[in-house]
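# sequence unknown, structure follows:
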């Protein structure tokens, strides 16, 4: 722990995580920004106007709507006077349509239950747990985002509302005695929806006044550029697509764990009133942003970390100490444990350990523990990487083999460094893999070829295994080598491979025998396989055939194509997990042909790996993407031989897990061959009793894994949520991204059981249930013609529409390979990647402000505002970047300015036809626009999931990628589904039917009783 002053308190003179000294530190939390080109060197970096309240800043406002009726309830202008008392807060809440019964302040919680109360003793300042209130404060962690008193400011126009109140301002905590800042005022919860209602008879909706996802992302993104996110003071994480710096105060950062409800109803019945799922989205190895404290690694020696004897929870900040420090009380099961002698420390008069601030495990929400031998399945060693390279005719002809070999060299050794103007002499070897990690290379077609890469050899030695019926590993030494020691041998082999097999060209690969021999090579240590494949493996044991003849689409039989029944592949997958091995596949479909990803990808999905799929690989366009993705898969944080367990408070129990892993029986731990920084897991909870509203609900995830450098560790993330008797409070603390993620993972998990029509029907039913539940139980007396949306779920219906339009679930024809690939991706996507996938970022680059794409005065990149995903927002002559986290299109209108093209692509590119259709990156030019767009692309690259960012041109009227551009305009009518406006009208009509008791639970068409049982829409399963 480097600096303990960070753990500030509420008392005077203590540092505030968002105080001015943080804000003005140079170069902190800065995304990498390219230098301005020559000729654009401004004196001082380009800057915004210095507005501290960018959150509520004027750029977000649009002129007030004309006097005609809109679709949403009218905006109440709520001025909170200086003289109102705190007791008035709940009545004000009722006034803004939250459905809170007026009552006195909430009951205090039991003091002895919180590790973070009363840290200092009886002095005036609450030397609380990192600035969390002391005992006696109202519950819900002193909700700063209740309506704030004392500010005469009003909402300027209805247009300012979307998402404002989702982001409690990261400013000093609210105190009734201080005048609130306009920022805190803007961050109060419970503001009713913007706009006014349209009667359903008219059926017209003004598209300008429906909730906008780009606006809900842009406002907080500006805010979190200048502020950190304190994890205990704020109870609503920023939207998933917003980069932010988290300040860990004992509650885990939202990057690692997001709860669907940060305030949990005490009973199953109260939760059922909301129709929301209670779940947790975990991304245990999520990457940190620059400026965040690295996760501390703690070693407790042979004894291992202290754990509860009854429920085996690990020591965490919410465990309390009693009997002078001799006992610790588990926050999960309330069992009092003896403190081990070597861990003992006395407590002060308020019951807090005197060494608390020196103990990261008692102050931080996410920590790692080194673990002793009893946690080992086998001796931990550095990660073994085994590259299985397809050398069949298809791979050679399409340039896939060349691209894959270049990608491996790039991943292991990086670019030679010459780009940066270095000479060979300056270019010291740069280690991409951690010390202890080793690599091996195997190639395959009809036969399997092993290579001895020992550093002493001048040339790699090739050993051919013709017997693929019962393959074995012919090498004991030299198969796995240190990539630095054997650099010459490895680079020599990878550069020769494309030529070595160009004469042979076997058309059929034998995939399963190759995977089995790879398992044999790795079974003693565990490791990671990276396998390329460019044709359907139709040779040898485990051969596959063309299952998808196109006649089964949109029938009940289609679900069989989305799973595998192949015993050989299933057996190999479970053997890999047992041995601690995982696979990433790089699949290039021959001319967009069938590869049976359902069967091949089953191995990646079971072992915790990933599939990178190039549906129509074209080497000039896709080699850069392939190379970047191989580099990413090799260099991201990766662990192997992993087990995971999630624990929760008494009164709750885990009801389901969703993700890519292996699960023996329901009660057992989740098993992963490999786990990496981009993978997430959804965990659903149900009630096995009633929660005590006086206590908090606690959750702990523990991931036991071996790091790439060969250490056995447990990564622990701890999450806390307050508990309330009813569900009205819970609606104020809904995490929209987590809800969407859990629902999407649940729906993807059902694809092998239900047909797609039923799943789509169930998703729209679920949307209506959630919004109707809110309308019925938590809103005031709004006229029935109004669509009233919960403040924190305003964009929810658009995200679900995006899910219905995604390749996984959409109606109409879609190749089963694409469907099953996207379905498995959804199961493993973290909140950031899924949010982009369901609603792309669109940036117009033809009308950039001259300061956009450069650093502002604090060194942060100034990003332009996003554009809504509708063709009505696309301007004639425009140029747009469209990024959905998987691909990034540059769409150019037919009448785009020739000057813009020359600024972007260089001289001689004045018309669309002069551009290279297969260009995958922008040239580096000295023009202002080129520099802006490259900086923006670099920023987009820094906030996405596992897929690399390369450009694909979509020129209007010229490129096939234009169809993809049209598909991604999710607010329009496309993908066999409604437009956003029509979808809202449809949802609203069903909400009205529900309110009047006329909604049919089961439709008479194919959505029969299965739709109601699917995902437990009418059963407690989702609750």
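Arrived safely. Since we're looking at a predicted model, the values are computed, not measured. Numbers count the residues shown, from 1 in each chain.
# which residues does the nearest residue to residue 278 once chain neighbours are set aside bridge with?
In space, not counting the residues next to it along the chain, residue 278 is nearest to residue 685; the distance is 4.8 Å by C-beta to C-beta, 6 or more residues apart in numbering. C-beta coordinates here come from the backbone N, C-alpha and C atoms, glycine included. Assessed by DSSP bridges, residue 685 has beta-bridge partners residue 654.
# list the pairing partners of the helix or strand that contains residue 954 within its sheet, with orientation.
Here residue 954 sits within strand 951-955, counting by DSSP states H and E. If you go by DSSP bridges, strand 951-955 pairs up with strand 888-892 (parallel).
# ok, and for the following helix or strand past the strand holding residue 954, which residues are buried?
Next along the chain after strand 951-955, taking DSSP H and E as the criterion, comes helix 961-968. Within helix 961-968, the residues that qualify as buried are 961-962, 964-965, 967-968, counting by 16 or more other C-beta atoms under 10 Å.
# now tabulate these in JSON lines and tack on pLDDT and distance to residue 548.
Output for these, formatted as JSON lines (pLDDT from 0 to 100; distance: C-beta to C-beta, whole Å):
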{"residue": "961", "pLDDT": "92", "distance to residue 548": "24"}
{"residue": "962", "pLDDT": "93", "distance to residue 548": "26"}
{"residue": "964", "pLDDT": "94", "distance to residue 548": "21"}
{"residue": "965", "pLDDT": "95", "distance to residue 548": "26"}
{"residue": "967", "pLDDT": "94", "distance to residue 548": "21"}
{"residue": "968", "pLDDT": "95", "distance to residue 548": "25"}
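# tell me the one among these nearest to residue 331.
Residue 331 has its nearest neighbour among the buried residues of helix 961-968 in residue 968, at 44.6 Å by C-beta to C-beta.
# hang on, isn't residue 510 packed against residue 449?
No - with contacts defined as C-beta atoms under 8 Å, residue 510 does not count as touching residue 449, sitting 11.6 Å away.
# the helices in the stretch 201-350 of the chain, which residues?
Taking DSSP state H, counting those that start in this stretch, the helices of the stretch 201-350 of the chain run over residues 213-226, 268-274.
# now render these as CSV, adding distance to residue 922 and mean neighbour count.
CSV is the format used below for the helices of the stretch 201-350 of the chain (distance: least, C-beta to C-beta, whole Å; neighbours: other C-beta atoms under 10 Å):
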stretch, distance to residue 922, mean neighbour count
helix 213-226, 23, 23
helix 268-274, 47, 20
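# and residue 510 and residue 449? Which one has more around it.
residue 510 (23 against 20; other C-beta atoms under 10 Å).
# list the residues that contact that one.
For residue 510, the contacting residues are 444-448, 468, 537, 539-543, by C-beta atoms under 8 Å, 6 or more residues apart in numbering.
# nearest residue to it other than its sequence neighbours?
residue 540 (3.6 Å).
# three-state assignment of that neighbour?
Under DSSP: H, G, I helix; E, B strand; the rest coil, residue 540 falls in the coil class.
# quick one on the thing from earlier: between the buried residues of helix 961-968, which is nearest residue 654?
Nearest to residue 654 among the buried residues of helix 961-968 is residue 968, at 35.7 Å by C-beta to C-beta.
# quick one on the thing from earlier: may I see the helices of the stretch 201-350 of the chain organised as JSON lines, with mean pLDDT and distance to residue 205 added?
Below are the helices of the stretch 201-350 of the chain laid out as JSON lines (pLDDT from 0 to 100; distance: least, C-beta to C-beta, whole Å):
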{"stretch": "helix 213-226", "mean pLDDT": "93", "distance to residue 205": "16"}
{"stretch": "helix 268-274", "mean pLDDT": "94", "distance to residue 205": "25"}
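# for residue 301, find the nearest of those.
helix 213-226 (39.5 Å).
# which other helices and strands contact that closest one?
Applying 3 or more C-beta pairs under 8 Å, 6 or more residues apart in numbering; DSSP states H and E, we find helix 213-226 packed against strand 841-844.
# just checking, what packs against the biggest helix by length in the chain?
The longest helix of the chain (DSSP state H) is helix 756-778. If you count contacts as 3+ C-beta pairs under 8 Å, 6+ apart, helix 756-778 packs onto helix 268-274, helix 728-732, helix 736-749, helix 796-805, helix 980-995, helix 1009-1013.
# tell me what the host helix or strand of residue 368 is packed against?
Assigned by DSSP H and E, residue 368 belongs to strand 366-370. On a contact count with 3+ C-beta pairs under 8 Å, 6+ apart, strand 366-370 meets strand 297-299, helix 360-363, strand 712-724.
# out of the ones you listed, which one sits most buried?
strand 712-724 (a mean of 24; mean count of other C-beta atoms under 10 Å).
# same for that one, what does it pack against?
Under the contact rule (3+ C-beta pairs under 8 Å, 6+ apart), strand 712-724 is packed against helix 139-142, strand 257-259, strand 263-265, strand 366-370, strand 697-707.
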